[in-house]
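Trainee: here is a sequence with its predicted model. Questions after.
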Number of protein chains: 2
Amino acid sequence: MSQSRTSPEIDRLISLLAKMPGLGPRSARRAALDLIKKRDQLMRPLSEALRAAADNIKTCTTCGNIDAQNPCYICAAPNRDKTVICVVQDVGDLWAMERAAAFRGQYHVLGGTLSALDGIRPEDLNIASLIDRARGEGISEIILAMNATVDGQTTAHYITDQLEGTEVNISRLAHGVPVGGELDYLDDGTISAALKSRRPF
Amino acid sequence: MSQSRTSPEIDRLISLLAKMPGLGPRSARRAALDLIKKRDQLMRPLSEALRAAADNIKTCTTCGNIDAQNPCYICAAPNRDKTVICVVQDVGDLWAMERAAAFRGQYHVLGGTLSALDGIRPEDLNIASLIDRARGEGISEIILAMNATVDGQTTAHYITDQLEGTEVNISRLAHGVPVGGELDYLDDGTISAALKSRRPF
């Protein structure tokens, strides 16, 4: 893997590219060559975009979303429902919810899930601030939109426990057959969840 | 795929990352989030490394390699054999040869292969400069290290034709069983090539 014979500029670029998720040493070399070929169309704009994002992107102190403004564009939007908070693990999940364009309320980004294995405790996540928001004025519903994994569901249970005694309704995303999904390709857990939650036709 | 609801800085970063080879829209989103999390460890250094490479990397006018200096570190090295030129398709192939550390001569980077389908003609590649170098003083051997593809071999044949009448020896890389390779997994062409070029044991 030694790159020691190429120039230090290329070495450094490759070793940084290789740290990006989805790129290993080989694809980082390929990306570096491609970038050098597209110096003005891609390499300089990307350098600028990285710098601009590093300088301007902030974490919203209300919900944990990232944006160039704080509070973020969702917390600041006057036309979104202020009474419902959708709790997600990460900003990527918030983006996925927004792409689905099916939710017009507020978000709360936990920054991960509880995990005994990885030593992630409640105080490592934005759970206290969620409880504060939920206890505040005018919140009627908390939607727990964690991943359907063991850690995600553990976190959902923990949050439900913490919210006990408040007036807030707590819901979670439905489990079931994915739209477009074929039964033959689904795991047993999904099929039994879909059966248990069957709806009148 | 719409990112229109995130901030323009993040939108732009994701759309540029998605143009890198090996990253699509989904992995670009994941990479952008990861970069924002590692703002000072990865995002700013990468922006700097891209700018430094864009500013400093030149193409060597002798061999077509890329480096911060022209002539490149290989053409400029006093202790490398000046009489042998290894012809490769791309800078990535030159890097692969150098990683193998089995060649101590000069290189010539063609910048691609002839291709009737893609309309790539001899004048689109660095072939004329190769012929000039080969006809110059003191070159004893040209090693054609093109990929073992149809286009690679067509290019090798074309160069061989162009070099007719010179004193230079022309060779190509051996075809055969890759080191560590198992016969059962090799294609027929490789096995017959390895058999044809069998060597006394």
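Mentor: Perfect, I can see it now.

Trainee: please count neighbours and contacts with C-alpha atoms only from this point.
Mentor: OK.

Trainee: pLDDT score for A:E167?
Mentor: In this prediction, A:E167 carries a pLDDT score of 86.

Trainee: skipping its backbone neighbours, what lies nearest it in space?
Mentor: Once flanking residues are discounted, A:E167 sits nearest to A:S140: 7.5 Å by C-alpha to C-alpha, 6 or more residues apart in numbering or on different chains.

Trainee: hmm, A:V84 and that neighbour touching each other?
Mentor: Yes. Using C-alpha atoms under 8 Å, A:S140 is in contact with A:V84, at 6.0 Å.

Trainee: what is the end-to-end distance of stretch A:104-111?
Mentor: With C-alpha to C-alpha, to the nearest Å as the measure, the first residue of stretch A:104-111 is 21 Å from its last.

Trainee: any residue of it touching chain B?
Mentor: No. Contact between stretch A:104-111 and chain B is absent, the nearest approach being 10.6 Å (criterion: C-alpha under 8 Å from any C-alpha of the partner chain).

Trainee: and that stretch, average pLDDT?
Mentor: Per-region confidence: stretch A:104-111 scores 96 on mean pLDDT.

Trainee: in chain A, which ranges drop under the pLDDT threshold?
Mentor: Filtered on pLDDT under 70, chain A yields the residue ranges A:1-5.

Trainee: which residue sits closest to the closest residue to chain B within it, ignoring its sequence neighbours?
Mentor: Nearest residue of chain A to chain B, counting by C-alpha to the nearest C-alpha: A:S47, 4.2 Å away. Spatial nearest neighbour of A:S47, excluding adjacent residues (C-alpha to C-alpha, 6+ apart): B:S47 at 4.2 Å.

Trainee: cool, A:D90 as well?
Mentor: Closest residue to A:D90 apart from its sequence neighbours, by C-alpha to C-alpha, 6+ apart: A:G111 at 5.2 Å.

Trainee: could you measure from that neighbour over to A:R121?
Mentor: 12 Å.

Trainee: joint contacts of the two?
Mentor: Taking C-alpha atoms under 8 Å, 6 or more residues apart in numbering or on different chains as the contact definition, A:G111 and A:R121 share no neighbouring residue.

Trainee: and stretch A:97-116, end to end?
Mentor: 27 Å.

Trainee: which residues sit against that stretch?
Mentor: Counting by C-alpha under 8 Å, 6+ apart, stretch A:97-116 makes contact with A:62-65, A:74-75, A:80-91, A:94, A:120-122, A:125-127, A:130, A:151-152, A:154-155, B:1-3, B:5, all of which sit outside it.

Trainee: tell me which of the residues you listed fall in helices.
Mentor: Among those, the members falling in helices (DSSP state H) are A:I74, A:C75, A:V91, A:L94, A:I127, A:L130, A:D151, A:G152, A:T154, A:T155.

Trainee: of the contacts of stretch A:97-116, buried ones?
Mentor: Using 16 or more other C-alpha atoms under 10 Å in any protein chain shown as the burial test, these include A:62-65, A:74-75, A:82, A:84-91, A:94, A:122, A:125-127, A:130, A:151-152, A:154-155, B:3 as buried.

Trainee: just to revisit the earlier point, tell me how many other residues surround the residue nearest to A:S47.
Mentor: When neighbours are defined as other C-alpha atoms under 10 Å in any protein chain shown, B:S47 has 23 of them.

Trainee: repeat for the one 3 residues further on
Mentor: Residue neighbour count, defined by other C-alpha under 10 Å, stands at 31 for B:L50.

Trainee: now it: how far from A:V109?
Mentor: Distance check for B:L50 against A:V109: by C-alpha to C-alpha, it reads 31 Å.

Trainee: equivalent analysis for A:L94, please.
Mentor: Between A:L94 and A:V109 the computed distance is 8 Å (C-alpha to C-alpha).

Trainee: need the residues touching each of the two.
Mentor: Counting by C-alpha under 8 Å, 6+ apart, the common neighbours of A:L94 and A:V109 are A:N65, A:V88.

Trainee: so what's A:S47 up against?
Mentor: By C-alpha under 8 Å, 6+ apart, the residues touching A:S47 are B:L46, B:S47, B:E48, B:L50, B:R51.

Trainee: centre-most residue in chain A?
Mentor: In chain A, the centroid-proximal residue (C-alpha atoms, centre = their mean) is A:D90; its distance is 2.4 Å.

Trainee: now it. Its backbone dihedrals?
Mentor: Note on A:D90: its backbone torsions stand at phi -140, psi 170 [degrees, to the nearest 10].
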